[in-house]
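Chemist: here is my input, please return the structure:
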Amino acid sequence: MCTVVVRVDPAAAWPVTVLALRDESPDRPWDPPAAWWPELDPTVRGVRDRSAGGAWLAASDTAGLAVVLNRAEPVPSADGTWTTRGVLPLDALTGAAPDHDGALPTTRAFNLVRATADGAAVDTWDGTAVRTSELGPGVHMVTHGAPDDPAAPRIGRWLEAFRSAPAPTGPPVLGPFDELRTVDHGEDAGDGWSGWFGVLAESSTLPSDHPDAILRDAVEPDGHVATLSVVAAAVAPGRTVLQHARLAHPGRLDGSVELHRA
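Modeler: You can find the predicted model right below:
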């Protein structure tokens with residue numbers, strides 16, 4: 001299950017900053033951030049799932065950022081098939097909310113984190129109804145349940161640590177791996193992200209199959225999943241900047257990574 005940390009400060013030059021980690025089957029092919037959907041909107045770039053063609057995370061300068069996280073609730077289907085959840089971040093950036101047409105989603109259950117220069121929100125589909133939770137000023141954490149739920153693994157262990165750390169107030173200058181290497185050397189990259197990456201580095205001391213591990217490599221109810229990539233992003237009026245890193249070793253911060261800026 002993925003993890004997203006969000007800071008909201010409506011009065012700031014960059015009102016929203018986001019740290020997102022993608023957990024997925026290591027065998028499922030995917031592509032790093034790029035403009036993979038020109039027929040939809042050539043300005044949209046994102047992390048593409050090759051199998052279904054959708055996005056885990058998508059962003060644009062005009063519409064901000066959206067990222068989808070899987071939930072576990074069963075969703076009935078008349079024919080045993082579902083629409084890919086990868087359409088959700090793309091729809092969000094083109095102005096289509098999950099229930100925009102009055103119909104319930106035809107996907108499996110999800111949390112959809114949406115971030116714009118006006119703030120952030122989480123759309124939740126649990127198989128019965130779509131609900132929206134606005135994320136007020138401050139630092140929030142989203143996994144596979146309710147936002148900021150202290151009973152949820154990872155959130156109960158790490159939310160207060162992220163809240164206590166200095167939150168990033170602008171776009172990352174370095175890629176995630178360089179941010180982590182800087183923290184490991186006891187230094188500060190100077191872009192305001194060292195606090196959050198310090199918490200992420202601290203979390204990596206847990207075994208990757210521990211319920212509270214943010215960096216995961218475990219057998220879940222849906223099969224083998226591992227943390228495959230990390231995104232650090234900032235959203236401002238008319239501008240969205242993100243740094244992306246593909247982990248060379250799923251679920252682990254050590255070793256080399258493939259970096260992308262979008």
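Chemist: from here on, just use CA atoms for contacts and neighbour counts.
Modeler: Fine.
Chemist: show me how far stretch 91-108 is from its chain's centre.
Modeler: Offset of stretch 91-108 from its chain centre (CA atoms, centre = their mean, to the nearest Å): 19 Å.
Chemist: Arg154: neighbouring residues, count only.
Modeler: The burial count assigned to Arg154 is 21, neighbours taken as other CA atoms under 10 Å.
Chemist: for it, phi and psi?
Modeler: In terms of degrees, to the nearest 10, the main-chain angles of Arg154 are phi 80, psi -50.
Chemist: same deal with Asp91?
Modeler: The phi and psi values for Asp91, taken as degrees, to the nearest 10, are phi -60, psi -40.
Chemist: pretty sure it contacts Ala97?
Modeler: Yes. Counting by CA atoms under 8 Å, Asp91 does reach Ala97; the two are 6.9 Å apart.
Chemist: quick one, helices of the stretch 1-150 of the chain?
Modeler: Counting by DSSP state H, counting those that start in this stretch, the stretch 1-150 of the chain has helices at residues 87-93.
Chemist: repeat that for the stretch 151-262 of the chain.
Modeler: With DSSP H, counting those that start in this stretch as the criterion, the stretch 151-262 of the chain has helices at 155-164, 176-184, 194-203.
Chemist: dump the ones you listed into TSV; add distance to Val230 as well.
Modeler: Output for the helices of the stretch 151-262 of the chain, formatted as TSV (distance: least, CA to CA, whole Å):
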stretch	distance to Val230
helix 155-164	16
helix 176-184	7
helix 194-203	10
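Chemist: could you tell me the least trusted of those?
Modeler: In terms of average pLDDT, helix 176-184 trails the rest of those, at a mean of 83.
Chemist: give me the angle between that one and helix 194-203.
Modeler: Counting by axes from the mean of the first three to the mean of the last three CA atoms, to 10 degrees, helix 176-184 lies at 90 degrees to helix 194-203.
Chemist: what packs against helix 176-184?
Modeler: Secondary-structure packing of helix 176-184 (3 or more CA pairs under 8 Å, 6 or more residues apart in numbering; DSSP states H and E): helix 194-203, strand 223-236, strand 239-247.
Chemist: quick check: angle from the last one to strand 223-236?
Modeler: Angle, strand 239-247 to strand 223-236, by the same axes, to 10 degrees: 150 degrees.
Chemist: keeping just the C-alphas, turn strand 239-247 into PDB.
Modeler: The C-alpha coordinates for strand 239-247 follow below in PDB (Å, rounded to 0.1, in the frame of the first residue of the first chain):
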ATOM      1  CA  ARG A 239       3.500  25.700 -11.400                       C
ATOM      2  CA  THR A 240       4.000  22.100 -10.200                       C
ATOM      3  CA  VAL A 241       7.500  20.800  -9.700                       C
ATOM      4  CA  LEU A 242       8.400  17.200  -8.900                       C
ATOM      5  CA  GLN A 243      11.500  15.100  -8.400                       C
ATOM      6  CA  HIS A 244      11.100  11.300  -8.900                       C
ATOM      7  CA  ALA A 245      13.400   8.400  -8.000                       C
ATOM      8  CA  ARG A 246      13.100   4.800  -9.000                       C
ATOM      9  CA  LEU A 247      14.600   2.500  -6.400                       C
END
